[in-house]
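**Student:** next comes the sequence, and after it the predicted model I'd like to discuss.
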Amino acid sequence: MTRPLLYVQDLLPMIDPDLLAEGTIDDKIQAGIDRLLSMQTPSGGFGIWPGDDEPVLFGTAYVIHLLLDAKDKGFKVPDAALADAVTWLDHNAENTDGGPKFRGTHPGYVEYVLARAGKPHAAVVTKMLADELAKPASTGQDVEGRYLLMAALQASGDRRYEKALRTLDVSDLNWRRANDWSYYSDLRRRGLTLAVYHELFGTSAEGVPLADLVARGLRQHKESYRYTTQELMWGVSSLGKWVGKGAKMPGAKLVFDDKTVAASKDRSKGGELAWQIGAGSRAQSLRLDLDAAPATPLALVVTTEGIKPDVALPTGAHGLTVDRQWYAPTGDPVKLSDLELGQLVYVELIVGNGSSDRVENVAIVDRIPAGWEIENPRLGRGALPDWARDREPWEADYLDLKDDRYMIFGGIDAYETVHVLYAVRVVTAGSFTMPGMWAEAMYDPEIWGREPPIENVNVSGPWEGEILR
């Protein structure tokens, strides 16, 4: 998936692929800002999912933080929308009992964002910090909370804790994560700390060890799915702030299998160069030739869209078990090797949590073959038959439908097995490969379950001799 520079997974699940294929990085960032603003509730706060009418403290603080950064960089941020969001956060910052749910980092993060927005709660923060300092900091989240509270005071003009803020924790990363309301991980904390440090003090020698630590943490795994979205967002954005504006890009050309590829002219704004290559995964060689030696190191970012047939994610059960079944409207099992054009098929997704702990923020994703079409329940299609009523439906948090996949999100209790049932229509004849289905904890990549792809999904009818993969 291509991601814009300022990317918030929880609040910006996806930008239109056509927009991502064209335009400059600035265009993508502005599109992300506009998408976020479309999720603002009438009260001024922001929810977690599109269509939410109940704001959450962390989500609203998260968006305000991004909007403040964007405005500082010259992007279009409506003053009224930002003011409404800050007002809502200002009025609800301490309302954590019986009010809007707090979901995210330590409450000190809300106080820091308010201070940066010009609405500090100095007396409240001083009391919260005194309570924190009266007890030992037994966890990384305690350390994070203290740092954010001190930062909130610093941003409001109280410099009593400047020395402590400049003394950064560069101890080794612990890779345990929390998939519940805190979303905590050590890498998230270090990225967030680096971002806040830079906002308060700019780039300085004393911050270099922490920047190096964050960079090493992001190099720990080659695959981005091994990180949480919190880790990626805070890690990448904090390093971007730390590095600042890059040097001017020298002339360059991309050589793809010994053929020079022209840069997209509409994406070369501000010295940025970009190329688009069809069937790039088949490349035998990919080389960037520069006209001159750069004054500072340059980065070549390579993103891919689609699925390489020779690259597969690990399959099996790693904290979650997954299974799929297919049924006819009568309730009889369906043979995927013998489907008919126009046939209605009910897909059952079964996900089990075999652990003694509830797993929050589980994403269940079922990608369908190109010859199938989801019957959208929001349009009154795909009503479930009588035989399906004994499957107790999963009380999920959010449902998202795309042309090629069914995605549903929520929490699964300890030792619970959940069932999801939806309908698809077979709309194209031919032979297809069905991508694998998976479930994973969005904030703990070590909790997952995946099924392998299924070959030979055959649909009889006109054009049945055509092979589509």
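**Tutor:** Structure received.

**Student:** which residue ranges form the strands in the stretch 351-469 of the chain?
**Tutor:** Along the stretch 351-469 of the chain, the stretches classed as strands by DSSP state E, counting those that start in this stretch are 359-367, 372-374, 398-402, 405-412, 417-426, 430-434, 437-441, 444-450, 454-460.

**Student:** can I get the CA coordinates of stretch 327-347 in PDB?
**Tutor:** Presented in PDB, the C-alpha positions along stretch 327-347 are these (Å, rounded to 0.1, in the frame of the first residue of the first chain):
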ATOM      1  CA  TYR A 327     -22.100 -22.300   1.200                       C
ATOM      2  CA  ALA A 328     -24.900 -22.200  -1.300                       C
ATOM      3  CA  PRO A 329     -28.200 -20.400  -0.400                       C
ATOM      4  CA  THR A 330     -29.500 -23.800   0.600                       C
ATOM      5  CA  GLY A 331     -26.700 -24.100   3.200                       C
ATOM      6  CA  ASP A 332     -24.900 -26.900   1.300                       C
ATOM      7  CA  PRO A 333     -21.100 -26.600   1.000                       C
ATOM      8  CA  VAL A 334     -19.900 -25.100  -2.300                       C
ATOM      9  CA  LYS A 335     -17.100 -26.600  -4.400                       C
ATOM     10  CA  LEU A 336     -14.800 -23.800  -5.500                       C
ATOM     11  CA  SER A 337     -13.600 -25.900  -8.400                       C
ATOM     12  CA  ASP A 338     -17.200 -26.000  -9.800                       C
ATOM     13  CA  LEU A 339     -18.900 -22.700  -9.700                       C
ATOM     14  CA  GLU A 340     -21.400 -21.200 -12.100                       C
ATOM     15  CA  LEU A 341     -21.600 -17.700 -13.500                       C
ATOM     16  CA  GLY A 342     -24.200 -15.700 -11.500                       C
ATOM     17  CA  GLN A 343     -24.100 -18.000  -8.500                       C
ATOM     18  CA  LEU A 344     -24.600 -16.600  -5.100                       C
ATOM     19  CA  VAL A 345     -22.100 -17.800  -2.500                       C
ATOM     20  CA  TYR A 346     -22.100 -17.200   1.300                       C
ATOM     21  CA  VAL A 347     -18.600 -16.900   2.800                       C
END
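
**Student:** in it, what's buried?
**Tutor:** 327, 334, 336, 339, 341, 343-347 (16 or more other Cβ atoms under 10 Å). For every residue, glycine as well, the C-beta is placed using N, CA and C.

**Student:** going by distance to V214, which of those wins?
**Tutor:** The shortest gap between V214 and any of the buried residues of stretch 327-347 belongs to V347, at 41.0 Å (Cβ to Cβ).

**Student:** which pLDDT value belongs to P309?
**Tutor:** Reading off the confidence values, P309 has pLDDT 53.

**Student:** returning to what we had before: out of the buried residues of stretch 327-347, list just those in strands.
**Tutor:** In strands, judged by DSSP state E, the following of the buried residues of stretch 327-347 are found: 327, 339, 344-347.

**Student:** based on its surroundings, how many neighbours for R216?
**Tutor:** Under the neighbour criterion other Cβ atoms under 10 Å, R216 is assigned a count of 12.

**Student:** check the secondary structure at it for me.
**Tutor:** The assignment at R216 comes out as helix when based on DSSP: H, G, I helix; E, B strand; the rest coil.

**Student:** of the strands of the stretch 351-469 of the chain, flag the one that's most buried.
**Tutor:** Highest mean neighbour count of the strands of the stretch 351-469 of the chain: strand 437-441, a mean of 24 (counted as mean count of other Cβ atoms under 10 Å).

**Student:** state the mean pLDDT of that strand.
**Tutor:** Taken as a whole, strand 437-441 carries a mean pLDDT of 94.

**Student:** packing partners of that strand?
**Tutor:** In this structure, strand 437-441 makes packing contacts with strand 320-327, strand 359-367, strand 444-450, judged by 3 or more Cβ pairs under 8 Å, 6 or more residues apart in numbering; DSSP states H and E.

**Student:** thinking again about what came up before, quick one: which of the strands of the stretch 351-469 of the chain is nearest G352?
**Tutor:** Go through the strands of the stretch 351-469 of the chain one by one with Cβ to Cβ and the one that ends up closest to G352 is strand 417-426, at 4.1 Å.

**Student:** tell me the angle the closest one makes with strand 430-434.
**Tutor:** Angular relation of strand 417-426 and strand 430-434 on a 0 to 180 degree scale: 160 degrees, by axes from the mean of the first three to the mean of the last three Cα atoms, to 10 degrees.

**Student:** pull the residues that contact strand 417-426.
**Tutor:** Applying Cβ atoms under 8 Å, 6 or more residues apart in numbering, the external contacts of strand 417-426 come out as 321, 339-353, 364, 368, 371-375, 377, 381-384, 388, 391-394, 396, 406, 408, 410, 412, 459.

**Student:** now with 6 Å, please.
**Tutor:** Outside strand 417-426, the residues within contact range by Cβ atoms under 6 Å, 6 or more residues apart in numbering are 339, 343-352, 368, 372-375, 382, 384, 388, 391, 394, 406, 408, 412, 459.

**Student:** can I get the CA coordinates of the helix or strand where A164 lies in CSV?
**Tutor:** Assigned by DSSP states H and E, A164 belongs to helix 162-166. Extracted C-alpha coordinates of helix 162-166, given in CSV (Å, rounded to 0.1, in the frame of the first residue of the first chain):
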residue,chain,number,x,y,z
GLU,A,162,14.1,21.3,30.7
LYS,A,163,17.1,19.3,31.9
ALA,A,164,15.1,16.2,32.3
LEU,A,165,13.5,16.7,28.9
ARG,A,166,16.9,16.9,27.3
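
**Student:** what's in contact with the helix or strand just after it?
**Tutor:** Helices and strands here follow DSSP H and E; after helix 162-166, the next one along the chain is helix 186-201. Helix 186-201 is contacted from outside by 140, 144, 147, 151, 154, 173-174, 207, 210-211, 213-214, 217, 230-231, 234-235, 238, 241-242, using Cβ under 6 Å, 6+ apart.

**Student:** make a ChimeraX selection of the buried ones in those residues.
**Tutor:** The command below creates a ChimeraX selection of those among these that count as buried (16+ other Cβ under 10 Å):
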select :140,144,147,151,154,173,207,210,211,213,214,217,230,231,234,235,238,241,242
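
**Student:** taking the contacts of helix 186-201 one by one, which sit in helices?
**Tutor:** The members of the contacts of helix 186-201 that map onto helices under DSSP state H are 140, 144, 147, 151, 154, 210-211, 213-214, 217, 230-231, 234-235, 238, 241-242.

**Student:** so how far is the helix or strand where L68 lies off the chain centroid?
**Tutor:** L68 is part of helix 57-72, with elements assigned from DSSP H and E. Relative to the mean C-alpha coordinate of its chain, helix 57-72 is positioned 16 Å out (Cα atoms, centre = their mean, to the nearest Å).

**Student:** the next helix or strand after that helix - contacts with which helices or strands?
**Tutor:** Scanning forward in sequence from helix 57-72, with DSSP H and E defining helices and strands, the next element found is helix 79-92. If you count contacts as 3 or more Cβ pairs under 6 Å, 6 or more residues apart in numbering; DSSP states H and E, helix 79-92 packs onto helix 57-72.

**Student:** in the helix it packs on, which residues are buried?
**Tutor:** When burial is assessed from 16+ other Cβ under 10 Å, helix 57-72 yields the following buried residues: 57-70.

**Student:** now these as CSV including pLDDT and distance to P42?
**Tutor:** Compiled in CSV, the buried residues of helix 57-72 are given as follows (pLDDT from 0 to 100; distance: Cβ to Cβ, whole Å):
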residue, pLDDT, distance to P42
L57, 88, 17
F58, 88, 19
G59, 89, 15
T60, 93, 13
A61, 94, 19
Y62, 92, 19
V63, 95, 15
I64, 96, 17
H65, 96, 22
L66, 95, 21
L67, 96, 18
L68, 96, 22
D69, 93, 25
A70, 93, 22
